[in-house]
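> Fold the following for me, if possible:
(2 chains)
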Protein chains: 2
Amino acid sequence: MPPPAVFRFGPLNIPLSQVFLVSKLSFALVNLKPVRPGHVLLAARRPVARFNDLTHPEVVDLFLQAQRISKIVERITSAESLTLCIQDGAKAGQSVPHVHLHLIPRFEGDFANNDDIYDAMAHQPRVDNPNRSPRSPDDMAAEALRLRAEIGPSWDTQ
Amino acid sequence: MPPPAVFRFGPLNIPLSQVFLVSKLSFALVNLKPVRPGHVLLAARRPVARFNDLTHPEVVDLFLQAQRISKIVERITSAESLTLCIQDGAKAGQSVPHVHLHLIPRFEGDFANNDDIYDAMAHQPRVDNPNRSPRSPDDMAAEALRLRAEIGPSWDTQ
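Numbers count the residues shown, from 1 in each chain, chains lettered A, B, ... in the order given. Here you go, the predicted model:
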């Protein structure tokens, strides 16, 4: 079966061009406003808000795919570390009410204070953040294509 | 088989009294210096540093246990959200080189800025942080007992 043309992400519809991995229960997408180049998201395909709303198979799939993606992100960005984070609920800074994991490449000295990254992340992916311009659809599609090429066959839509 | 008397956590030995869940491949522990009451850690039993060092069964076990714990932490702290985070490598703020997930209960207005929590987390569990006093072994053991009681039988050491 071909992958769907759009993926639901909270109230948003993410076009397939911005998606670089589709598994049975998860999908990975590039960012409109990454806090750093290479910052990507991995979401459950079923649109539920909280980590505890996931079934066991959804949890398993999400984190096995996370491991697969983390390797690629670290390699293609030449990162030395990664921040892996779920903002699980609005009070934790979650802005799209749909379970998703942030994967962010990290480098020595990338933020003045190591954890300033989270301030940046808190404002992502809010499209109304005045401090960052949104990327063009072409930029996002190009990044997704590069990630797809690295990951290999990844359209598991059975 | 009874659980081990101590659990290796990077260079540290964590006494069983501070552990509240043991599964085949993971263990959960209370914190010497939690950023908020209820902030706990879940680690792989095998002492490896990076998320990508985990085997598939270790990834699966870690996150299924995370889901189990997250429910309990949220309930007993009456939290409204949770921060779930792996600092995967030194450049991401990881201070103990042993894969572990932070689970932190979150509340409306718990930090002046929502993501100040990460600054706090960055200094945990460094025992030399001058801004927080370490807890007593009795406090930590009491918290572990309370969590064990909520979780139920959780000494899967086969």
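> Just want the most central residue of chain A.
Residue closest to the average C-alpha location in chain A (Cα atoms, centre = their mean): A:L41, at 0.5 Å.
> and it, helix, strand or coil?
strand (DSSP: H, G, I helix; E, B strand; the rest coil).
> my read: it touches A:H100, true?
Yes - between A:L41 and A:H100 there is a contact at 4.9 Å, judged by Cβ atoms under 8 Å. C-beta: built from backbone N, CA, C; applies to glycine.
> on that earlier part again, identify the bridge partners of the residue nearest to the centre of chain A.
Under DSSP bridges, the beta-bridge partners of A:L41 are A:L29, A:H102.
> Just give me the longest helix of chain A.
Determined from DSSP state H, the single longest helix within chain A is helix A:56-77.
> Using CSV, write out every CA atom in that helix.
Extracted in CSV, the C-alpha atoms of helix A:56-77 (Å, rounded to 0.1, in the frame of the first residue of the first chain):
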residue,chain,number,x,y,z
HIS,A,56,2.5,-1.3,24.0
PRO,A,57,3.1,-2.0,20.3
GLU,A,58,3.1,1.8,19.7
VAL,A,59,5.6,2.4,22.4
VAL,A,60,7.9,-0.4,21.1
ASP,A,61,7.7,0.8,17.5
LEU,A,62,8.3,4.5,18.4
PHE,A,63,11.5,3.8,20.3
LEU,A,64,12.9,1.2,17.9
GLN,A,65,12.4,3.7,15.1
ALA,A,66,13.9,6.4,17.4
GLN,A,67,17.1,4.3,17.7
ARG,A,68,17.2,3.8,14.0
ILE,A,69,16.8,7.6,13.3
SER,A,70,19.2,8.7,16.0
LYS,A,71,22.0,6.8,14.4
ILE,A,72,21.3,8.6,11.1
VAL,A,73,20.9,12.1,12.6
GLU,A,74,24.1,11.8,14.5
ARG,A,75,26.0,10.5,11.5
ILE,A,76,24.8,13.0,8.9
THR,A,77,25.2,16.0,11.2
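> rewinding a little: per-residue pLDDT, the residue nearest to the centre of chain A?
Predicted confidence (pLDDT) for A:L41: 97.
> tell me the contacts of it?
A:L41 sits next to A:A28, A:L29, A:V30, A:N31, A:H100, A:L101, A:H102, A:L103, A:P125 when contact means Cβ atoms under 8 Å, 6 or more residues apart in numbering or on different chains.
> how close does it sit to B:P57?
Distance, A:L41 to B:P57, by Cβ to Cβ, to the nearest Å: 25 Å.
> would you list every one of the strands in chain A?
Secondary structure of chain A (DSSP state E): strands at A:6-9, A:12-15, A:19-22, A:26-29, A:40-44, A:81-88, A:100-106.
> From the contact counts, what lies against the fourth one?
So the one you mean is strand A:26-29. strand A:6-9, strand A:19-22, strand A:40-44, helix A:56-77 (3 or more Cβ pairs under 8 Å, 6 or more residues apart in numbering or on different chains; DSSP states H and E).
> Make a markdown table from those and add distance to B:I86 to it.
Formatted as a markdown table, those follow (distance: least, Cβ to Cβ, whole Å):
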| stretch | distance to B:I86 |
| --- | --- |
| strand A:6-9 | 22 |
| strand A:19-22 | 19 |
| strand A:40-44 | 13 |
| helix A:56-77 | 9 |
